[in-house]
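**Q** build me a model from this:
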Amino acid sequence: MANLFQRPRSPYWWVSYTTPAGRTRVSTGIRHDNRKQPPKDSPVWELRRTIEERQARAKFGAAPMLEKKLVVDFLREYLADLSRNVRPASLKRYGFITLALSRYAESLTVAQVTYAEASRYVAHRATSGVGPATLRDEVRFFNKAWAMARKLHLCEFTENPWTFRFKQQHVEKEPFTDAELAAILAQPMPAWLRLAVDIARYTGARSSSIKSLEWSDINHEAIHFRVSKTTAFTMPLHPQLLAILAPQRGSGPIMPTEVLTRSDGYFSRAFKNVCDRAAVPRGHFHLFRHTFITRLALAGVEQRVTQLLANHASADVNRHYTHANAAALAPHLARLTYPECANSVPEVVVPVLLS
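**A** Modelled structure (predicted):
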């Protein structure tokens, strides 16, 4: 029996019913507005009737009547449902993921996506040049989507085909050394990339924050990052960075249109090519953030100040970005002393053998 109920912290009607796997609750997306019963023309009643019909058919041995919904329609509806609780940046990324699968499976229904189809799609994306981290995010998104499809009985009694296990992509997170920084800066590169490298060196900003900068966000005292992983923040401007930016000052975005209209991979590949020419194998732009925070810590800056300059929400995250090598720890180790004693070496007793 399917029952209607209201959750304390949810403004929507929910339908509770029993499946072979246990209790399941499905939100209908219809606001209850503190009414005791939903309107008679509400889709809630239709959903309840459909569930009861399927339960009756399953109880008497009849095969469940699955709704033939196309993958394209289902993913669009699922994305619209996520838009209530997902950040705009994540919603944009999910939109690209949805578009990729929709183009691949235009005529497939949700119930037709099996392990074979999912494996072919993953292989197709891998041969298209998609990186392992991006592919892992796509599969994780589809895994959640198909879990919702099973709750909606769009693929009932069917296991989730999006259950791949990927090896974690290991990325070397050690900061750049002085020799590596000198080699990178000595390489020829586009003016916009050199500007991004200089800003990252003196601010530790992410590439997304740098690409969103405009010249109006920079003055002679501070630089304001409107786009960040957590919240917008303002940090003081380093004198050397001010000397670099002053001759290039203009209007509008600091990055050219050809960079802003391209994908994120365009920015990363451009920096990776520079690192390859400089014989630096760790060609990740995000390492500038590790370098910036680590150098502040080694310079004696307090952890709380470093956390504020990096715009980190917690001290644990800030410690994750702080590294120390043996050369940097050697001066601190020299402070370790022990009291020396002239007779500290014990005498060795040689036994005398009696003849």
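**Q** for residue 238, what are its contacts?
**A** 202, 203 (CB atoms under 8 Å, 6 or more residues apart in numbering). C-beta: built from backbone N, CA, C; applies to glycine.
**Q** what's the spacing between it and residue 230?
**A** Distance check for residue 238 against residue 230: by CB to CB, to the nearest Å, it reads 22 Å.
**Q** need the single longest helix in this protein, by residues.
**A** Using DSSP state H to define each element, the chain has its longest helix at helix 132-151.
**Q** what's the mean pLDDT across that one?
**A** Confidence for helix 132-151, expressed as mean pLDDT, is 86.
**Q** okay, domains of this structure per the record?
**A** The record's domain parsing of the chain by automatic domain parsing lists 3-59, 71-151, 178-331.
**Q** would you turn the ones you listed into JSON lines with distance to residue 162?
**A** Output for the domains of the chain, formatted as JSON lines (distance: least, CB to CB, whole Å):
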{"stretch": "domain 3-59", "distance to residue 162": "18"}
{"stretch": "domain 71-151", "distance to residue 162": "4"}
{"stretch": "domain 178-331", "distance to residue 162": "23"}
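**Q** out of those domains, nearest to residue 165?
**A** The minimum distance between residue 165 and the domains of the chain falls on domain 71-151, with 9.4 Å, by CB to CB.
**Q** looking at the chain, which helix or strand does the model trust least?
**A** The weakest-scoring helix or strand in the chain, judged by mean pLDDT, DSSP states H and E, is strand 22-31 (a mean of 59).
**Q** what ranges of the chain fall below the confidence cut-off?
**A** Within the chain, the segments meeting pLDDT under 70 span 1-44, 46-67, 156-158, 167-172, 264, 340-355.
**Q** now what about the helix or strand just after the longest helix of the chain, what contacts it?
**A** Going down the chain from helix 132-151, the next helix or strand is helix 178-185, by DSSP states H and E. Residues external to helix 178-185 that are found in contact with it (CB under 8 Å, 6+ apart): 176, 197, 201, 274, 275, 278, 279, 280, 282, 291.
**Q** is there a neighbour count for the nearest residue in space to the first one that is not next to it in sequence? I'd like the number.
**A** The reference is to residue 176. What sits nearest to residue 176 in space, not counting adjacent residues and going by CB to CB, 6 or more residues apart in numbering, is residue 291, at 4.8 Å. Counted with other CB atoms under 10 Å, the neighbours of residue 291 add up to 21.
**Q** could you do residue 251 as well?
**A** Residues lying near residue 251 (other CB under 10 Å) number 8.
**Q** before we move on, what about residue 119?
**A** Using other CB under 10 Å, residue 119 has 12 other residues around it.
**Q** try residue 180
**A** Other residues near residue 180 come to 19 when the count uses other CB under 10 Å.
**Q** do the same with residue 335
**A** 6.
**Q** check the gap between it and residue 329 for me.
**A** Relative to residue 329, residue 335 is positioned 11 Å away (CB to CB).
**Q** wait, residue 70 sits on residue 108?
**A** Yes: if you go by CB atoms under 8 Å, residue 70 and residue 108 touch, sitting 7.0 Å apart.
**Q** which residues of the stretch 151-300 of the chain fall in strands?
**A** 222-225, 233-236 (DSSP state E, counting those that start in this stretch).
**Q** could you single out the most deeply buried of these?
**A** The highest average neighbour count among these, using mean count of other CB atoms under 10 Å, belongs to strand 222-225 at a mean of 17.
**Q** chain center to that strand: distance?
**A** Counting by CA atoms, centre = their mean, to the nearest Å, strand 222-225 is centred 24 Å from the centre of its parent chain.
**Q** next one: stretch 278-295
**A** Per CA atoms, centre = their mean, the centroid offset for stretch 278-295 relative to its chain is 19 Å.
**Q** surely residue 139 and residue 161 touch.
**A** No: in this structure residue 139 lies outside contact range of residue 161 using CB under 8 Å: 10.0 Å.
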